[in-house]
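>>> predicted model and sequence below, questions to follow.
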Amino acid sequence: MRLTFLGTCAGTEPMPGRLHTSVLLEIGERLYFLDAGEACSRTAYLLGYDLTRVRGIFLSHAHMDHTGGLPNLLWTIRKLHGLSSFDGRVCEPITVYTANLPAWTAVTDLLSCTEGGFGIDFELNAQRLRPGLCLDTDTLRVTAVPNTHLPADPDDGPQSFSFRIESAGASLVYSGDMGSARDLEPLLQDPADLVLVETGHHSVEDLCSWAEVNRKTIRKLGFYHHGRAILHDPAAQLRVARAVTSIPVFFANDADTVDL
């Protein structure tokens, strides 16, 4: 499993060198997105990824810094699929996993207004996220757990999720935006090789203190979706992190890769 950080910034105003949140997973020949912040498709394509290999897009919640690049990602996949000069072709269904189907409808309505009415000759569908196992194949297993970043809708259930991703013996916990780091503990019943936590709503010290308490199940700690403290002085904040926890820790930057 290879992770590429396409965007590592929280929902701030535009920041130099950082885009909004999106992480690309490469699992064999297939690609999966964890969130789809601005320009995620452009970044992935220019880093050399064939976007016609995308098979799933997991949206932790519907806020713009996690979904703003979704229409363009789908539009770009359609564009590449139809180019005679491009070798890639979409050969398997693409599924968007989302807690907010009205937001998905808005995306498809927007795309229907683009050239050709967004006519496609491959399968694209949406699946409503529910707690529990949401994808289980011979190469990838994804479990979704609701978190407290957003209140549940009385009629439609949880609106924000965290994920555990497992492939070929490697495991990743991806926080999405969360109300508390304790939201992740149901995903840490078994140890995780990497836990990615967002810092847009939490201090480095608090997150590292929580991680240190749970160090038996966290082999490596990564920070992304950076808030202003890290954006202002990442070196100083990294020193804080390493003073609080003995777990190996890193701060992700756009275009960084991690192999698990």
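Structure received.

>>> just grab the bridge partners of residue 56 for me.
Each beta-bridge partner of residue 56 is listed here: residue 32, residue 95, as defined by DSSP bridges.

>>> begin at 26 from here
All right, first residue 26 from here; so that's residue 81.

>>> from residue 160, how far off is it?
Separation of residue 81 from residue 160 (Cβ to Cβ, to the nearest Å): 7 Å. Any C-beta I mention is one placed from the backbone N, CA and C, and that applies to glycine too.

>>> swap in residue 192?
Applying Cβ to Cβ to residue 192 and residue 160 gives a distance of 11 Å.

>>> check residue 86 too.
Taking Cβ to Cβ as the measure, residue 86 and residue 160 are separated by 18 Å.

>>> who has more neighbours, those two?
Regarding residue 86 and residue 160, a neighbour count based on other Cβ atoms under 10 Å identifies residue 86 as having more, with 23 against 18.

>>> please name the residues that touch the closest residue to the more buried one other than its chain neighbours.
Leaving aside its sequence neighbours, residue 86 sits nearest to residue 185 (Cβ to Cβ, 6 or more residues apart in numbering; 3.9 Å). If a contact means Cβ atoms under 8 Å, 6 or more residues apart in numbering, then residue 185 has 85-86, 124, 171-175, 201-203 as its contacts.

>>> on that earlier part again, which neighbours do residue 81 and residue 160 have in common?
In terms of Cβ under 8 Å, 6+ apart, residue 81 and residue 160 are both contacted by the residues 120, 122, 167.

>>> can you say which of those are buried?
When these are checked for burial by 16 or more other Cβ atoms under 10 Å, the buried set is 120, 122, 167.

>>> look up how far residue 83 lies from the first one.
Relative to residue 83, residue 120 is positioned 9 Å away (criterion: Cβ to Cβ).

>>> got the contact list for residue 171?
With contacts taken as Cβ under 8 Å, 6+ apart, residue 171 has the following neighbours: 156, 177, 182-183, 185-186.

>>> which non-adjacent residue is nearest it?
Using Cβ to Cβ, 6+ apart, the nearest residue to residue 171 is residue 183, at 3.5 Å.

>>> next: residue 50.
With Cβ to Cβ, 6+ apart as the criterion, residue 50 has its nearest non-adjacent residue at 4.3 Å, and that residue is residue 57.

>>> tell me where the stretch 26-175 of the chain has helices.
Secondary structure of the stretch 26-175 of the chain by DSSP state H, counting those that start in this stretch: the helices cover 65-71, 89-92, 95-107, 126-137.

>>> and the third one, what does it pack onto?
Read it as helix 95-107. With contacts defined as 3 or more Cβ pairs under 8 Å, 6 or more residues apart in numbering; DSSP states H and E, the secondary structure elements packing on helix 95-107 are helix 65-71, strand 79-83, strand 119-123, helix 126-137.

>>> so which of the ones you listed is nearest residue 269?
The closest approach between residue 269 and any of these, judged by Cβ to Cβ, belongs to strand 79-83 at 29.5 Å.

>>> what about residue 284, how many neighbours?
Other residues near residue 284 come to 8 when the count uses other Cβ under 10 Å.

>>> ditto for residue 209
What residue 209 shows, counting by other Cβ under 10 Å, is a neighbour count of 27.

>>> quick one: the residue located most distally from the centre of the chain from residue 55, how far?
No residue in the chain has its C-alpha farther from the mean C-alpha position than residue 109, which lies at 30.6 Å (Cα atoms, centre = their mean). Note on residue 109: its distance to residue 55, by Cβ to Cβ, is 24 Å.

>>> likewise for residue 61?
16 Å.
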